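Colleague: The following comprises the amino acid sequence and a computationally predicted model.
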Amino acid sequence: QQTAQQQEQLATQMGEWAEILTRAGAIRAAADRHRAQQAAERQYQQQEAQHRQWQERYRTLQQQEQTRQNEVLLALRAIAAEQEALQRQREELNGLLQKSAEIKAAGERAQRARAELQEYDRRCSQWQPQERYRQQRQRYWDTEEARLRTRLEERQRYSEAVPAENLDAEIERLQKLQVYRDRVLEKGMERRDFAQTLATRQEESVQRLARLQSDLERLQQEITQTGEEYPPCPLCDRPLSQASWEAVHRKHQAQIRESQSERWLLEQQRQVTACEQDILRQEYRRLEEELKKLPVYLERRGQYQAAHQQQQARAQEIAALAAELAQRLQERDREMGELGAALAALDYDERTHALLRSEVDRYRWVDGRLAELEKAHRQTTKLEEQLAQKQAQAAALHAQKHNPQAAAALATCEAALAQIAYDPEAHAQLRAACADSSPLLAAQNLAIAERQYPTLQQQSQQLQTQVQTLQHQIQQAEQEGQQQAAALAQFPDPAPERAHLEAQQMERRHQLDRCLARLGQLRQAEQQLTQLQHQQQEVTQALQQAKHQEFLHRELDRAFGKNGVQALAVETVLPQLEIEANRLLGQLSDRRLHLRFVTQKGKREDTLDIEIADERGTRPYET
């Protein structure tokens, strides 16, 4: 089979070479044309290089000449712009020179205004110290008046009439109630003692009744035990007669009824006494509730008396302050009048002085204009010289616009380009034709075919010989195969044993597959275990960080919580703040006001209350 394939490949190759050999003449002609085109293309390349060189030189010379022409034009434009600017400056200076007479007249007026201003400056130097002293004294007197009026108004505000209150009658009534309360208390104590006595008597009556009933029962039992008709005498233990027993029995019955009556009477008295005690307790509580007003009224009467005394003292102080204020006002009027007369003698007016300053400022431009006028004379002469220089420079640049050397060099480049006569389109077509290398490849294949075709013919003959030999060998092998098949028919069939071995092989293969699958599962479990270990480490680290954060949060919560830094700061600062506040209040209120900070700790929040104390008592700050 391999020999047949080689024979087929060899036949295919010989057919290809034979087809190429039949076209040998055309292939050689095409290759010759392609080589001629390549030679022509190399000549075009030389022309292209020369053409590019002269063209670049021509472009460079042209750019240089254009650059020089542009520079000359720019220089001419710059000179023209400078000439125009110089002309504008000369026109501006001419406009200023035309106003020279007006500027000089304004300068004379400015000198006169400066002289008057100097005179007023001299007067101002004398007037200002006295005016400052007058203003200082005026501020002093205004402050003094404000101070005295403030003190007077303050004393008048605090000296308002104290409202009279009808406290004496109420206090007298409450004092009578207090006496009545004491009597009620005494009555209650008396009723309590009487109730205790009734309880004692009732207990004794109960005991006596029980004793009588016990004696009577004992006598009845003795009759039963002794079998006698009548029991013995409870006093002398002698037998009793019927009359004596009846007398004893009646006496015991009478004593029992008397004890029961006494017990009922005592119970009624106890109930009445308890009712009286309840009434007395209610009356006592009512009196106590009403008598709570007595200390308040007593305190208010004391405050009223103290306020009345303070009012009288303040009235005297107000009269003294009013007299002092009137005296100080007279002194102020006298002193301010003397200072005003001294200032009027200087004959100085701030408005006139300000007008003179504004007039001098209005003529301040004159100095600048005079300096500009002098400078304009100098600049006019200088501008004339500069204009003459610019005209000479412009004439020289106009002469430089034409360059014969550059024109000759450009003409030389144009002649060289015309002599080369390079055709880009023909070169492009020839380059495209040379790019097709198929004629050369065909010529190479022709040379290969001419060399290898005889060799292939020899190989073909050798293969035919080998094919014949192989066919003969195949016939011999078939005969030997038939002989071996006849010999094998005499041996037993190995198919059952082979099937058994194949089954064992299949079972072993299944076991191998299961082992490999188990190995894959174990490896996957190992990877998962490794990942879980990494995750456990990460979770442990995160847990440690969370515990650390929790510890920090607890510390921060404790530090900034109810009993933390803020509470400590409040407990530390509040006493100092209370002392400082009382010091300032004492200075402002003449020691009449006093405050106190009261802190109360609650379950959820702490509260801070402020209490104010003065002549009217202690009260919360909100009221």
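Modeller: Now that the structure is in, tell me what you want to look at.
Colleague: tell me which residues in whichever strand or helix holds Ala395 are buried?
Modeller: If you go by DSSP states H and E, Ala395 is part of helix 364-399. Neighbour-count burial for helix 364-399, counted by 16 or more other CB atoms under 10 Å, picks out Val366, Arg369, Leu370, Leu373, Ala376, Gln379, Leu383, Gln386, Lys390, Leu397. For glycine as for every other residue, the C-beta is placed from the backbone atoms N, C-alpha and C.
Colleague: From the contact counts, what lies against it?
Modeller: Contacting helix 364-399 under the criterion 3 or more CB pairs under 8 Å, 6 or more residues apart in numbering; DSSP states H and E are the following elements: helix 24-98, helix 100-158.
Colleague: what angle separates it from helix 24-98?
Modeller: Angle, helix 364-399 to helix 24-98, by axes from the mean of the first three to the mean of the last three CA atoms, to 10 degrees: 140 degrees.
Colleague: Show the average pLDDT along helix 364-399.
Modeller: Taken as a whole, helix 364-399 has a mean pLDDT of 77.
Colleague: Measure how that helix sits relative to helix 100-158, angle-wise.
Modeller: Using the same axes, to 10 degrees, helix 364-399 lies at 130 degrees relative to helix 100-158.
Colleague: residues in contact with the helix or strand just after helix 364-399?
Modeller: Scanning forward in sequence from helix 364-399 by DSSP H and E, the next helix or strand is helix 404-420. Residues from elsewhere that reach helix 404-420 (CB atoms under 8 Å, 6 or more residues apart in numbering): Gln47, Gln50, His51, Trp54, Gln55, Arg57, Tyr58, Leu61, Gln62, Gln64, Glu65, Arg68.
Colleague: Likewise for stretch 170-188?
Modeller: Outside stretch 170-188, the residues touching it (CB under 8 Å, 6+ apart) are 277, 280-281, 283-284, 287-288, 290-291, 293-294, 297-298, 301.
Colleague: can we see that at 6 Å?
Modeller: Here stretch 170-188 makes contact (CB atoms under 6 Å, 6 or more residues apart in numbering) with Leu280, Glu283, Tyr284, Leu287, Leu291, Leu294, Tyr297.
Colleague: Show me which residues of that stretch are buried.
Modeller: Within stretch 170-188, judged by 16+ other CB under 10 Å, the buried ones are Ile171, Leu174, Leu177, Arg181, Val184, Lys187, Gly188.
Colleague: Turn those residues into JSON lines, columns for secondary structure and distance to Ile610.
Modeller: Shown next, in JSON lines, are those (DSSP: H, G, I helix; E, B strand; the rest coil; distance: CB to CB, whole Å):
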{"residue": "Ile171", "secondary structure": "helix", "distance to Ile610": "32"}
{"residue": "Leu174", "secondary structure": "helix", "distance to Ile610": "32"}
{"residue": "Leu177", "secondary structure": "helix", "distance to Ile610": "36"}
{"residue": "Arg181", "secondary structure": "helix", "distance to Ile610": "37"}
{"residue": "Val184", "secondary structure": "helix", "distance to Ile610": "41"}
{"residue": "Lys187", "secondary structure": "helix", "distance to Ile610": "47"}
{"residue": "Gly188", "secondary structure": "helix", "distance to Ile610": "43"}
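Colleague: about what we covered before: out of the helices and strands packed on helix 364-399, which comes closest to Ala210?
Modeller: helix 100-158 (80.4 Å; CB to CB).
Colleague: Could you list every helix and strand in contact with that closest one?
Modeller: helix 293-345, helix 350-362, helix 364-399 (3 or more CB pairs under 6 Å, 6 or more residues apart in numbering; DSSP states H and E).
Colleague: Quick one: work out the angle between the shortest one and helix 100-158.
Modeller: Just to be clear, that refers to helix 350-362. Using the same axes, to 10 degrees: helix 350-362 against helix 100-158 is 140 degrees.
Colleague: Show me what helix 350-362 is packed against.
Modeller: helix 100-158.
Colleague: ok now the one helix or strand Glu204 maps to, how far from the chain's centre?
Modeller: Per DSSP H and E, Glu204 falls inside helix 167-226. Here the centre of helix 167-226 is set off from its chain's centre by 82 Å, with CA atoms, centre = their mean, to the nearest Å.
Colleague: What is the subsequent helix or strand relative to it?
Modeller: Downstream of helix 167-226 (by DSSP H and E), the next one is helix 242-291.
Colleague: Report all helices and strands that that next one contacts.
Modeller: By 3+ CB pairs under 6 Å, 6+ apart, helix 242-291 packs against helix 167-226.
Colleague: Report the rounded mean pLDDT for the helix it packs on.
Modeller: The model assigns helix 167-226 a mean pLDDT of 78.
Colleague: before we move on, back to that, list only those of the contacts of helix 404-420 flagged as buried.
Modeller: By 16+ other CB under 10 Å, the contacts of helix 404-420 give His51, Trp54, Arg57, Tyr58, Leu61, Glu65 as buried.
Colleague: Can you name the two of those residues that sit furthest apart?
Modeller: By the measure CB to CB, His51 and Glu65 form the most distant pair in the buried ones among the contacts of helix 404-420, at 21.0 Å.
Colleague: Please parse the protein into its domains.
Modeller: 2-98+366-466, 167-311, 502-559, 569-620 (automatic domain parsing).
Colleague: Now distance to Gly107 too, for those domains, in TSV please.
Modeller: Shown next, in TSV, are the domains of the chain (distance: least, CB to CB, whole Å):
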stretch	distance to Gly107
domain 2-98+366-466	5
domain 167-311	78
domain 502-559	81
domain 569-620	66
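Colleague: Tell me which of those domains approaches Glu359 most closely.
Modeller: domain 2-98+366-466 (11.6 Å).
Colleague: Isn't Tyr621 up against Ile610?
Modeller: Yes: between Tyr621 and Ile610 there is a contact at 3.8 Å, judged by CB atoms under 6 Å.
Colleague: So Leu608: helix, strand or coil?
Modeller: Following DSSP: H, G, I helix; E, B strand; the rest coil, we place Leu608 in the strand state.
Colleague: Can you tell me the closest non-neighbouring residue to it?
Modeller: Closest residue to Leu608 apart from its sequence neighbours, by CB to CB, 6 or more residues apart in numbering: Thr599 at 5.5 Å.
Colleague: Near the one you found, how many other residues are there?
Modeller: For Thr599, the count of nearby residues is 12 (other CB atoms under 10 Å).
Colleague: and the gap between it and Gln576?
Modeller: Applying CB to CB, to the nearest Å, the value for Thr599 to Gln576 is 14 Å.
Colleague: again with Gly586
Modeller: 16 Å.
Colleague: neighbour-wise, which of the two wins?
Modeller: Gly586 (13 against 9).
Colleague: SS state for Ala613?
Modeller: strand.
Colleague: what do you get for Asp347?
Modeller: From three-state DSSP, the assignment for Asp347 is coil.
Colleague: residues in contact with it?
Modeller: So Asp347 contacts nothing (CB under 6 Å, 6+ apart).
Colleague: returning to that earlier point: can you state the direction angle for the helix holding Glu204 and helix 293-345?
Modeller: Using the same axes, to 10 degrees: helix 167-226 against helix 293-345 is 160 degrees.
Colleague: Would you map the strands across the stretch 451-600 of the chain?
Modeller: 594-601 (DSSP state E, counting those that start in this stretch).
Colleague: picking up where we left off before, going through the contacts of stretch 170-188, which ones are buried?
Modeller: Buried among those by 16+ other CB under 10 Å: Leu280, Glu283, Tyr284, Leu287, Leu294, Tyr297.
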